[in-house]
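**Q** sequence and computational prediction follow.
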Amino acid sequence: MKLTLKIWRQKNPKAKGNFETYIMDNVSPKMAFLEMLDALNKRLVEEHKDPVAFDHDCREGICGSCGMYINGHPHGPVPAITTCSLSMRYFKDGDTIWVEPWRAKPFPVIKDLIVDRSAFDKIQIAGGFISVNTGAAPEANSILIQKKKSDDAFDSAICIGCGACVAACKNASAMLFVSAKISQFALLPQGRVEARERVRAMVEKMDELGFGNCSNTGACEAECPKEIKLVNIARLNREYYKAF
Amino acid sequence: MEKLISKIPDGPLATKWTKYKASVKLVNPANKKKLEIIVIGTGLSGAGASSALGELGYSVKTFCYQDSPRRAHSVAAQGGINAAKNYQNDGDSTYRLFYDMIKGGDFRAREANVYRAAEVSNQVIDHYTALGVPFARDYGGTLDTRSFGGVQVSRTFYSKGQTGQQCLLGVYSSLNRQIKKGNVTMYPRREMLDLVLVDGKARGIIARNLLTGEIERHAAHAVVLATGGYGTIYFLSTLAVNSNASAAWKAHKKGAFFANPSFVQIHPTCVPQLNEFQSKLTLMSESLRNDGRVWVPKTKGDSRPANDIPEEERDYFLERRYPAFGNLVPRDVASRATKERCDAGFGIGDTGLAVNLDFRDSIKKQGKKAIENKYGNLFDMYKTITGIDSYEEPMRIYPAGHYTMGGLWVDYELMTTIPGLYAIGESNFSDHGANRLGASSLMQASGDGYFILPNTISNYLADEIRVPKISTNKPEFAEAEKTVIERLNKFISIKGRQTAASFHKRLGKIMWDYCGMVRNEEGLKKAQVLINVLREEFWKDLNIPGEYTELNQELEKAGRVADYFELAELLVTDALDRNESCGAHFREEYQTPEGEALRNDEKFAYVAAWEYTGEGKPHILHKEELKFEEVEMKVRSYK
Ligand SMILES: Cc1cc2nc3c(=O)[nH]c(=O)nc-3n(C[C@H](O)[C@H](O)[C@H](O)COP(=O)(O)OP(=O)(O)OC[C@H]3O[C@@H](n4cnc5c(N)ncnc54)[C@H](O)[C@@H]3O)c2cc1C
Ligand code: SF4
Ligand code: FES
C-alpha cells in the first residue's frame, strides 16, 4: 500500500508544532500501525532527520504506554483496541492518515506524540489503594466474594491508564479512569473499609489537576480500548455522594 | 580461591527460612529512616520491594524507564501465579511445589532458594487478595485455580488472561500508598546507566532522565536491581520491546557475577511472525494448552484448511510423544517438539513455521461459552492480531524467546557478589534452574520483593547504621558520570548509516539461529564469530541523530543494543561451556536416542557464575556446586 501520513511534530513542550507530511510506500497490511511508524523512523534516521517520538512498550495492548489520535480517534478507528494493536489491514492503498498526540490540558505535549500523563499517577497516589501492610493479610479464602461481584470488579480493574478517555472528552474529564478504580474497590469487601476517604481524595485530586467535568456524552466509553463502561461513572457518583 | 559463598542456612530444608529470619540482624525503627535504598524497577519484584521497604520505614528511591511504574513489563503476564494452597485437595503442598520447580528446572537450581519461594507463595496470594486483586472465583466465593504445564495439580491463581496486569496494579497501589506517605520517592522515565561503588560497596547509580537527557547521580546505602529479563536479546520475543539487560550488565561489569546466561526459555505458544518489520511476538498463554490440542498434519505439505483435515490424518505430536502430560508438557519440551515437526517439514502456513492449537474438541465438550469464559480475551487478542477467529479454526502458533532463567548470581540473601547490591525477580538467576515452570515467575518476583528481600536486606543494613547519608560529590560518582557521558557521546559521534534497531534485529537473528531452542558446538562457534563481526560494524556504522541532552529514543536503543552485544558473547560462551543438555539448554550432541535432553550430573551439576575481568578479556568461570540434600536427581521425564 502507498499511504500519506500527516504527523504532528513538536520539538518540545514550548514549541508551536505542526503537521508534517510523509509518504510511505510498500506498507504491508500485515504490519502493525506502530511497525509502520518504526519503518518511517528507520527511514528518517537514515536520512539524518529527527525520528517521530512516541511512547510504547508492551506492543500488545496491556501496558497503556501507547496512545495517539489516528484520523480523529484516540487509538484509531477500530473500537476496543490500543494503538499498538491496530493492524494496517484496516487501511487501504492511497489513504491519508492524520496522527496527533492526546489533546488535553492536563496532558501537556512533551515531544511529537508523547504527552505527560503523570496526572493519572497523582490521582492514584491520592487514594487508589487499600491500606494493608505486607504480612498483615488474612488467609485469602477467609474473604468470600460473590463470583459476580468479583467478575464485575475485574471488568473495572482492567483499565490500562492510557488516557484515551480524557483525550476523547471535550471537557478533558478523567471520570472514566477514576471511576474504574473506585468501582473495582467499591465492589470488593476489602475496599469498602476506606471507600469514603478514597473517593473523596481521588475526586479532589482529579479536580485539582484540572480535569474537566463529566457531561455524560459517552465519548470516553466509545473510545476506551478496554471497554470500561459508563456504569462505573454512575457508581463513582453514588460513592461520592455517600462519602459526605 | 572460591568467591561464591551462597550463605545457605544449615538445618533441614523446611526450617531454613524460619531459622534464618529468627537469627537475622535487625535495624532499629528509628534508624531505618536514615538508611536509603535505591530500587531499580517497578515490576512485581521492584514495586513489591519498594512498598515493603517503605512500610518498614526505610527511605526508598524507586526508578523505572516507563512514564509510570504501572507499565513495568510484569503487566503483560497472562496466565497466572502459583501457590501451594492446596485449595483443590489434589495433594499439593509446599514440598510438591518445590519439587515441581526443582524437577522442572532440570536440577540446576539451588534447593534452599526454591523451597523458600514455594514457602512464601501462600502469603503472596493472601497479600494480593487483601490488596483487592480480583482473582477468579468459584460460585461459593472462594478462589479458583487452574492447571499449568509441567505439573499434575491445579495451583495457578488467575485473573482471566490478565493476571500480571492485576497483580502489577496491586503492587502499584501499595507503592502509591508509600509514595503518598513520603517513604518512597518515585523517579519514572529514568534509565540507570551505571552502578557506583564506593570502597567496594554498591552506593548509588548514574541515571539518565529520558525526557531531558540530564545525567543524574543518586546515592544510597544499598541498591536493589529488579530490572527483569533479557529475552529481547533475540530482538523478537514476547517481552515488552524496551526490556533490556543494561542495568544488570553494568552491575556485572562492576563486579557482580552473571549466572547461567545461556538458560533462556523459548515459549511454545506465540503468534508466528507475520511481516519483516515485526517488532515483537505476542504470547498466547500457556493456559490455552489446558483445552487446546497441538497438532500438525500427518502428511508433509498438506495445505488443506485445518478443519478439512480428518482426525486420522492429524498428528497430535505432544500427546503422542508424552502420553502422561500430553499437551501440558513443560515449555522447553513443547517448543523443541514443535521445532522438530516444523524442521521435518510438517509445519503449516506460508512459512511452514507454525503448528495448530485447536479448541474444536473442547468447544464440543464444554460449549463455546465455557471456553469464552476462560480464554475470551486471548481469543480476542489473537483475532486482533491475525484476523482469525479461533472459535472457528485453530490458532497458529510457533515458539518465541520468553524468559531468562539466567541472571545476576545471588546468594541466599539475594545479594550479588557486590556487597550491598541485590538482584530480585527475573533479573537474578536463582529459582528456576535451566527451565521455568509456568506461573512461577510472578510468584517468585512477588515473593522476592514483598517477603524475602525486606528480611534479608536488614542483615546488611544493620551494619550500615553508622554510615551517614552518602554524598554524590564523591569522586566515584564523578568518575562514573564521566564514563557514562563519554559513551553516550561516542554513540552519537559515530555518524554512520544504520539504526540501532537494525543491528538489534541482526544480532537477534544470530542468537535465534545458533543459540536458541537447539544448540551445537559448530553453530555456537560460528555465532561467536558473527557476533564479533557485527559488533565491530555497529561501532563503525551506527547512526544516532540528535544529542544526549534531549529526549532521544534512538540513543536509548543504542545503549541497550551495545550491552546486548557483550551479553550475547557471554551467553554463547556459557552455552558452549555446558557440554550437556538440561532444561531449555539443548545441545544436539547430548541427547537420548528418542531425542530427549541428556543431562550430565557428574560434570555439570553446578551454577556457572561468570566474572568480568575487563574489556576484551575472557570471563572467568566460577562454579557453585549444587548439592541436593532433599531430592534425588532423576531423569526428567514427562512420558
Ligand atoms: C508475555 C509474557 C507473559 C508472561 N506470563 C506469565 C505468567 O502468566 N505467569 C508468570 O509467573 N510469569 C509470566 N511471565 C514472566 C513474568 O511476567 C516476568 O518474569 C516477571 O513479571 C518479571 O518481573 P520483574 O519484577 O522481575 O521485572 P519486570 O516486570 O520485567 O520489570 C522490570 C522493571 O525494571 C525497569 N528497568 C529495567 N531496566 C532499567 C534501567 N536500566 N533503568 C531503570 N529502570 C529499568 C523497568 O522500567 C521495569 O519497571 C510472562 C512474561 C511474558 C513476557
Ligand atoms: S478508562 Fe479506558 S480509555 Fe481511560 S485510561 Fe482506562 S483504559 Fe484508557
Ligand atoms: S504499547 Fe503497551 S498498550 Fe500499546
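**A** Looks like it came in fine. Ligands and ions are numbered 1, 2, ... in the order given.
**Q** show me the contacts for the residue nearest to the spatial centre of chain A.
**A** Centroid-nearest residue in chain A: A:Cys162, 1.9 Å away (criterion: Cα atoms, centre = their mean). A:Cys162 is in contact with A:Gly64, A:Ser65, A:Cys66, A:Gly67, A:His75, A:Thr82, A:Pro225, counting by Cβ atoms under 8 Å, 6 or more residues apart in numbering or on different chains. Glycine gets a C-beta too; all of them are placed from N, C-alpha and C.
**Q** can you rerun that using 10 Å?
**A** By Cβ atoms under 10 Å, 6 or more residues apart in numbering or on different chains, A:Cys162 lies in contact with A:55, A:61, A:63-67, A:74-75, A:82-83, A:102, A:117, A:120, A:177, A:223-226, B:71.
**Q** repeat that for A:Phe211.
**A** Contacts of A:Phe211 by Cβ under 10 Å, 6+ apart are A:104-107, A:119-120, A:123, A:166, A:169, A:171-175, A:177-178, A:203, A:205.
**Q** re the thing from before, looks to me like the residue nearest to the centre of chain A is in a helix.
**A** No. The assignment for A:Cys162 by DSSP: H, G, I helix; E, B strand; the rest coil gives coil, which leaves it out of any helix.
**Q** buried sites along the helix or strand of chain B with the lowest mean pLDDT?
**A** In chain B, no helix or strand scores lower on mean pLDDT, DSSP states H and E than helix B:368-386, which sits at a mean of 90. Residues of helix B:368-386 classed as buried under the neighbour-count rule (16 or more other Cβ atoms under 10 Å in any protein chain shown) are B:Ile371, B:Lys374, B:Tyr375, B:Asn377, B:Leu378, B:Phe379, B:Asp380, B:Met381, B:Tyr382, B:Thr384, B:Ile385, B:Thr386.
**Q** give the other helices and strands that it contacts.
**A** Secondary-structure packing of helix B:368-386 (3 or more Cβ pairs under 10 Å, 6 or more residues apart in numbering or on different chains; DSSP states H and E): helix B:360-366, strand B:395-404.
**Q** B:Arg360 versus the residue nearest to B:Asn356 when sequence neighbours are not counted, what's the distance?
**A** Nearest non-adjacent residue to B:Asn356, counting by Cβ to Cβ, 6 or more residues apart in numbering or on different chains: B:Pro394, 3.9 Å away. According to Cβ to Cβ, to the nearest Å, B:Pro394 stands 7 Å off from B:Arg360.
**Q** those two - which one has more neighbours?
**A** Taking other Cβ atoms under 10 Å in any protein chain shown, B:Pro394 and B:Arg360 do not tie; B:Pro394 has more neighbours (22 against 18).
**Q** now do the contacts for the more buried one.
**A** Taking Cβ under 10 Å, 6+ apart, one finds B:292-295, B:305-307, B:348, B:354-360, B:388 in contact with B:Pro394.
**Q** list the ones among those residues that fall in helices.
**A** Counting by DSSP state H, the part of the contacts of B:Pro394 found in helices is B:Arg360.
**Q** count the neighbours of A:Glu194 for me.
**A** Neighbour tally, A:Glu194, other Cβ under 10 Å: 15.
**Q** that one: what's it in contact with?
**A** Listed by Cβ under 10 Å, 6+ apart, the contact partners of A:Glu194 are A:Gly127, A:Phe129, A:Ile130, A:Ser131, A:Phe185, A:Ala201.
**Q** show me what contacts the nearest residue to the last one once chain neighbours are set aside?
**A** Sequence neighbours aside, A:Gly127 is the residue nearest to A:Ala201 in space, at 3.5 Å (criterion: Cβ to Cβ, 6+ apart). Contacts for A:Gly127 (Cβ under 10 Å, 6+ apart) come out as A:178, A:181-182, A:185, A:194-195, A:197-205, B:173, B:176-177, B:180.
**Q** make a ChimeraX selection of the buried ones in these.
**A** In ChimeraX, a selection of the buried entries from the contacts of A:Gly127 looks like this (16+ other Cβ under 10 Å):
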select /A:178,181,182,185,195,198,199,200,201,202,203,205 /B:173,176,177,180
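**Q** picking that back up, so of the contacts of A:Glu194, which ones are in strands?
**A** In strands, judged by DSSP state E, none of those are found.
**Q** looking at these, which is nearest ligand 1?
**A** A:Phe129 (18.3 Å; Cβ to the nearest ligand atom).
**Q** spit out the contact partners of that closest one.
**A** A:181, A:185, A:191, A:194, A:198, B:51, B:131-132, B:169-170, B:172-180.
**Q** any idea how far it is from ligand 3?
**A** Relative to ligand 3, A:Phe129 is positioned 23 Å away (Cβ to the nearest ligand atom, to the nearest Å).
**Q** again, but for A:Cys224
**A** In terms of Cβ to the nearest ligand atom, A:Cys224 sits 13 Å off from ligand 3.
**Q** over to the residue nearest to A:Gly161 when sequence neighbours are not counted. Which of the three states is it?
**A** Once flanking residues are discounted, A:Gly161 sits nearest to A:Gly64: 4.5 Å by Cβ to Cβ, 6+ apart. Of the three states, A:Gly64 takes coil according to three-state DSSP.
**Q** can you report how many residues lie near A:Gly64?
**A** Counted with other Cβ under 10 Å, A:Gly64 comes out at 27.
**Q** that one contacts A:Cys224, correct?
**A** No. The criterion here is Cβ atoms under 10 Å, and A:Gly64 misses it with A:Cys224 at 11.4 Å.
**Q** anything in contact with each of those two?
**A** With Cβ under 10 Å, 6+ apart, A:Gly64 and A:Cys224 have common neighbours A:Cys159, A:Ile160, A:Cys162, A:Ala164.
**Q** enumerate every residue touching residue 28.
**A** Just so you know, I chose chain A. A:Met1, A:Glu35, A:Met36, A:Ala39, A:Met88, A:Arg89, B:Leu274, B:Asn275, B:Glu276, B:Phe277.
**Q** actually, chain B is the one I wanted.
**A** So B:Asn28 contacts B:Gly57, B:Ala462, B:Ile465 (Cβ under 10 Å, 6+ apart).
**Q** neighbour count added to the residues you listed, as JSON lines?
**A** JSON lines is the format used below for those (neighbours: other Cβ atoms under 10 Å in any protein chain shown):
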{"residue": "B:Gly57", "neighbour count": "18"}
{"residue": "B:Ala462", "neighbour count": "15"}
{"residue": "B:Ile465", "neighbour count": "14"}
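**Q** can I get the residues you listed in a markdown table including secondary structure, pLDDT and distance to B:Lys634?
**A** Conversion of those to a markdown table gives the following (DSSP: H, G, I helix; E, B strand; the rest coil; pLDDT from 0 to 100; distance: Cβ to Cβ, whole Å):
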| residue | secondary structure | pLDDT | distance to B:Lys634 |
| --- | --- | --- | --- |
| B:Gly57 | coil | 98 | 46 |
| B:Ala462 | coil | 98 | 41 |
| B:Ile465 | coil | 96 | 47 |
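**Q** helix, strand, or coil at the residue lying closest to A:Asn171 once chain neighbours are set aside?
**A** Closest residue in space to A:Asn171, ignoring its immediate chain neighbours: A:Gly212 at 3.1 Å, by Cβ to Cβ, 6+ apart. For A:Gly212, the assignment made with three-state DSSP gives coil.
**Q** from B:Gly41, how far off is A:Gly212?
**A** Taking Cβ to Cβ, one finds A:Gly212 at 35 Å from B:Gly41.
**Q** more neighbours, the two?
**A** Of the pair A:Gly212 and B:Gly41, B:Gly41 is the one with more neighbours under other Cβ under 10 Å, namely 32 against 18.
**Q** from what I can see that one touches B:Val171, true?
**A** No. Between B:Gly41 and B:Val171 there is no contact under Cβ under 10 Å: 11.1 Å.
**Q** mutual contacts of those two, please.
**A** B:Ala47, B:Ala49, B:Ser50, B:Pro69, B:Ala72, B:Ser74, B:Ala445, B:Gly449.
**Q** what is the most widely separated pair among the residues you listed?
**A** Pairwise distances across the shared contacts of B:Gly41 and B:Val171 peak at 14.2 Å for B:Pro69 and B:Ala445 (criterion: Cβ to Cβ).
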